[in-house]
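Trainee: sequence-free structure coming up:
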């Protein structure tokens with residue numbers, strides 16, 4: 001089974017198309033868990049209509065946290081996940097994202113490969129490429145991450161994946177469920193996978209993405225500090241040093257930050273992005 005986490009906020013413009021794309025997946029053993037973050041438009045009405053039509057496919061959760069960020073909403077969804085058997089996987093559908101019909105089938109094929117090659121307790125993540133219309137036909141190419149390979153330092157400095165492109169197993173969900181407030185969930189998944197998991201990448205674009213394709217969160221150093229606080233005891237010495245040095249950039253002057261990024265392994269891939277990173281750090 002795959003549980004799909006769907007975060008909704010004032011999405012009436014695209015919500016029906018979004019839900020249809022999830023229900024049209026050729027991988028049929030799914031359940032969609034929806035969280036509405038206090039929408040003031042017709043989103044709740046649309047969700048209710050779909051639940052009435054597909055009562056075995058869609059469930060709605062409500063939590064005390066409202067008017068929060070999308071990442072906080074996904075954190076609530078992960079904490080309220082259905083805990084299935086060892087084969088249960090989890091996927092994310094962000095606001096406005098549309099999935100192509102083969103997305104989950106192709107990702108589950110890769111997940112099967114990971115399960116054959118990695119240890120049982122190793123957290124596992126599969127992610128596909130995404131497109132943003134004609135503007136960005138390949139998000140991974142735009143991020144210079146076409147092969148889907150990224151180190152922990154790169155994951156800290158960049159947002160290497162789109163959250164909605166991901167499929168994770170239960171072990172990875174348990175780690176990512178520690179997601180704090182005000183942290184980009186795609187960044188968090190990427191950093192968690194780089195530190196503790198095994199990842200396989202699909203180069204095809206199975207997600208039509210409508211959001212902003214971030215190169216890095218504006219509060220990247222703060223995110224790294226939160227990452228360090230939560231996972232400090234799980235890091236090996238090399239990982240702890242890498243995360244600590246990046247998080248500590250928030251306490252350094254401009255020149256010290258530039259030096260650490262240039263010579264510490266935190267420079268983003270691609271000349272244009274690297275220059276922008278140095279200028280804005």
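Mentor: Good, I have the coordinates. Not measured: the values here are computed from a predicted model.
Trainee: what's the distance between residue 196 and residue 79?
Mentor: In this view, residue 196 and residue 79 are 19 Å apart by C-beta to C-beta, to the nearest Å. Any C-beta I mention is one placed from the backbone N, CA and C, and that applies to glycine too.
Trainee: apart from its neighbours in sequence, what residue is nearest the one residue sitting closest to the centre of the chain?
Mentor: Nearest to the geometric centre of the chain sits residue 163, at 2.4 Å (C-alpha atoms, centre = their mean). Counting by C-beta to C-beta, 6 or more residues apart in numbering, the nearest residue to residue 163 once its immediate chain neighbours are dropped is residue 186, at 3.7 Å.
Trainee: doesn't the one you found belong to a strand?
Mentor: No. Residue 186: not assigned to a strand; according to DSSP: H, G, I helix; E, B strand; the rest coil it is helix.
Trainee: what is the neighbour count of it?
Mentor: Applying other C-beta atoms under 10 Å, we find 25 residues neighbouring residue 186.
Trainee: surely it and residue 161 touch.
Mentor: Yes. A contact is recorded between residue 186 and residue 161 when judged using C-beta atoms under 8 Å, the distance being 5.5 Å.
Trainee: now residue 128, nearest residue through space, not along the chain?
Mentor: Residue nearest to residue 128 in three dimensions, not counting chain neighbours: residue 202, with 4.0 Å by C-beta to C-beta, 6+ apart.
Trainee: which SS class is that neighbour?
Mentor: The three-state label given to residue 202 by three-state DSSP is strand.
Trainee: just the one 3 residues further on next, same as before
Mentor: When states are read from three-state DSSP, the local structure at residue 205 comes out as strand.
Trainee: name the element residue 10 belongs to?
Mentor: Using DSSP states H and E, residue 10 sits within no helix or strand.
Trainee: what about it, neighbour count?
Mentor: By the measure other C-beta under 10 Å, the count of residues near residue 10 is 15.
Trainee: where does the stretch 101-250 of the chain have low pLDDT?
Mentor: Low-confidence segments of the stretch 101-250 of the chain, defined by pLDDT under 70: 144-148, 211-218.
Trainee: which residue ranges of the stretch 151-281 of the chain form helices?
Mentor: Remark: helices of the stretch 151-281 of the chain, listed N- to C-terminal, are 152-157, 170-176, 185-196, 220-231, 237-247, 254-264, 271-280; assignment by DSSP state H, counting those that start in this stretch.
Trainee: kind regards, and thank you for your time.
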